[in-house]
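Colleague: Please find the sequence and the predicted model below.
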Amino acid sequence: MLNHAEAPESGSIDAMMSELGTRARAAARQLANTPTDAKNAALRAMARRLRGSEAAILAANALDVEGMEARGLAGSFIDRGRLDAARVDAMAAGLEAIADLPDPVGRITEEWDRPNGLHLQRVRTPLGVIGVIYESRPNVTADAGALCLKAGNAAILRGGSDAFRTSQAIARCLREGLAEAGLPEAAIQLVPTTDRAAVGAMLSGLGGNMDVIVPRGGKSLVARVQEEARVPVFAHLEGLVHIFIDRDADLEKAIKVVVNSKMRRTGICGAAETLLIDRACAATHLKPLLDALKKAGCAIRGDEETRELVPDAEKASVEDWVTEYLDAIIAVKVVSDIGEAIEHIETLGSHHTDCIITENQATADRFLAEVDSAIVVHNASTQFADGGEFGFGAEIGIATGRMHARGPVGLEQLTSFKYRVLGDGQTRP
């Protein structure tokens with residue numbers, strides 16, 4: 001059996017990945033028919049192991065963070081990779097929350113009778129083996145592994161090199177929880193190398209043993225996955241998140257929502273990156289909004305109209321309208337009306353999450369209908385773009401494509417379906 005704590009020889013990566021795929025397929029067949037109680041027992045055992053291993057996880061994380069700081073990585077990037085006691089406990093609580101969710105596997109979503117007496121059912125089934133490729137966030141190891149397990153899937157997880165030690169420590173807890181519950185440890189496997197050749201092997205499909213790939217990371221990672229993958233991909237493009245301040249926006253509400261959307265955590269994909277303001281309210285709303293952002297530590301890059309009202313704003317370039325900063329920076333543009341705002345979002349956005357602040361319900365309805373993003377928000381922070389906040393327990397990512405899964409990918413999105421045809425001797429004439 002492969003030792004997950006050791007990296008393979010450079011020439012053995014293909015063999016190692018093939019072994020992971022074979023073991024995952026065998027585990028997936030078992031999980032597809034594992035009772036809900038057994039899966040929940042494993043999830044709760046994993047949560048106990050995480051809490052009991054807090055010191056070891058934080059020690060591994062300290063080494064990872066030290067390495068990130070030594071390489072001079074951005075503070076927002078380091079924040080995504082940093083853990084503390086509260087974040088470890090939150091990971092454990094997330095697993096318990098997933099255990100408490102209804103099991104989608106085996107659920108009959110539709111059933112009907114045909115004139116010939118046949119009874120048909122559409123039934124939720126696991127996808128099979130899911131590969132998750134992610135970068136700096138070590139908590140994805142727990143979230144993705146747990147969601148795949150509850151939905152009856154085996155998971156092969158390839159974490160980034162920056163948080164590799166932390167992911168190993170977390171994965172060890174998951175394997176121990178699986179073993180405690182009597183489930184195959186191969187149900188959740190962490191790729192034991194940071195060599196990029198392992199990613200290529202996953203994208204090739206592991207000889208037919210990989211059913212779906214989920215990328216979680218920067219633009220270059222997602223682009224590579226979409227270009228090279230030979231299996232279906234749950235696309236997760238960058239979060240070019242917009243907030244449009246309509247002429248009928250309540251200023252106090254707008255300030256509260258905008259500051260939270262941008263500054264609560266700047267390094268997550270739901271963080272606001274562009275602020276669009278209706279020219280009809282710019283004179284009254286723009287400066288207070290930007291003053292609040294600046295007070296919270298945010299840098300402003302504005303168009304010419306913005307800089308006329310707020311002269312100390314830095315001049316925005318064309319690149320600012322298509323940049324996911326993941327940092328305390330926001331691009332600001334004055335637009336003529338909701339039509340121009342929607343045109344800007346649809347032309348330059350990434351169809352991830354976009355928000356309108358307005359007290360005019362008709363205007364809000366138009367925005368919600370015409371903005372074709374995975375998540376559209378009215379009068380609330382864009383940082384609610386999260387599977388946990390949607391009541392999914394956690395998420396494996398936010399899909400911005402239009403096929404199968406869109407928005408937060410939780411338990412239901414990690415299943416497919418099959419049809420059961422129940423008869424009593426019928427034959428087709």
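Modeller: Structure received.
Colleague: Over to Arg420: give its phi and psi.
Modeller: phi -100, psi 130 (degrees, to the nearest 10).
Colleague: how about the residue nearest to it when sequence neighbours are not counted, secondary structure?
Modeller: Among residues not flanking Arg420 along the chain, Gln121 sits closest, at 4.3 Å (CB to CB, 6 or more residues apart in numbering). Backbone N, C-alpha and C define where each C-beta goes, glycine included. What DSSP: H, G, I helix; E, B strand; the rest coil gives for Gln121 is strand.
Colleague: Give the bridge partners for Gln121, please.
Modeller: Glu111, Arg420 (DSSP bridges).
Colleague: Met91 versus that one, what's the distance?
Modeller: 37 Å (CB to CB, to the nearest Å).
Colleague: more crowded one of those two?
Modeller: Met91 (26 against 15; other CB atoms under 10 Å).
Colleague: thought the more buried one was touching Arg51?
Modeller: No - counting by CB atoms under 8 Å, Met91 does not reach Arg51; the two are 9.2 Å apart.
Colleague: Name the residues contacting each of the two.
Modeller: With CB atoms under 8 Å, 6 or more residues apart in numbering applied, the contact sets of Met91 and Arg51 do not overlap.
Colleague: Hmm, Glu54 and Cys173 touching each other?
Modeller: No - taking CB under 8 Å as the definition, Cys173 is not a contact partner of Glu54, at 9.9 Å.
Colleague: For those two, indicate the residue with more neighbours.
Modeller: Remark: of Cys173 and Glu54, Cys173 carries more neighbours, 28 against 18, as counted by other CB under 10 Å.
Colleague: and the helix or strand containing the more buried one, how far from the chain's centre?
Modeller: Secondary structure from DSSP states H and E places Cys173 in helix 164-180. Taking CA atoms, centre = their mean, to the nearest Å, one finds helix 164-180 lying 20 Å from the centre of the chain it belongs to.
Colleague: Quick check: which helices or strands does it pack against?
Modeller: If you count contacts as 3 or more CB pairs under 8 Å, 6 or more residues apart in numbering; DSSP states H and E, helix 164-180 packs onto helix 36-52, helix 54-70, helix 139-150, strand 188-190.
Colleague: which of the ones you listed sits most buried?
Modeller: With neighbours taken as mean count of other CB atoms under 10 Å, the helices and strands packed on helix 164-180 reach their highest mean count in helix 139-150, at a mean of 28.
Colleague: I'd like to know the average pLDDT value across that helix.
Modeller: If you average the pLDDT over helix 139-150, you get 94.
Colleague: Which strands or helices does it pack on?
Modeller: helix 36-52, helix 85-100, strand 129-134, strand 154-158, helix 164-180, strand 188-190, strand 212-216.
Colleague: got the ones you listed as TSV, with mean pLDDT and distance to Gln361 columns?
Modeller: Formatted as TSV, these follow (pLDDT from 0 to 100; distance: least, CB to CB, whole Å):
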stretch	mean pLDDT	distance to Gln361
helix 36-52	98	41
helix 85-100	94	33
strand 129-134	94	39
strand 154-158	97	43
helix 164-180	97	45
strand 188-190	97	46
strand 212-216	89	35
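Colleague: mind checking which of the ones you listed is nearest His242?
Modeller: strand 212-216 (21.4 Å; CB to CB).
Colleague: ok, back up a step: the helices and strands packed on helix 164-180: which one's closest to His285?
Modeller: Closest among these, once you apply CB to CB, is helix 139-150, at 36.3 Å.
Colleague: Report the angle between the closest one and helix 36-52.
Modeller: Angle of helix 139-150 versus helix 36-52, following axes from the mean of the first three to the mean of the last three CA atoms, to 10 degrees, is 160 degrees.
Colleague: and helix 139-150, how far out from the chain's middle?
Modeller: That offset, for helix 139-150, works out to 11 Å (CA atoms, centre = their mean).
Colleague: Please apply the same query to stretch 94-104.
Modeller: 17 Å.
Colleague: Could you list every helix and strand that the helix or strand hosting Lys418 packs against?
Modeller: Using DSSP H and E, Lys418 falls within strand 415-422. If you count contacts as 3+ CB pairs under 8 Å, 6+ apart, strand 415-422 packs onto strand 119-126.
Colleague: for the strand it packs on, packing partners?
Modeller: strand 108-113, strand 415-422.
Colleague: Take those strands and lay them out in TSV including mean neighbour count.
Modeller: Formatted as TSV, those follow (neighbours: other CB atoms under 10 Å):
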stretch	mean neighbour count
strand 108-113	11
strand 415-422	13
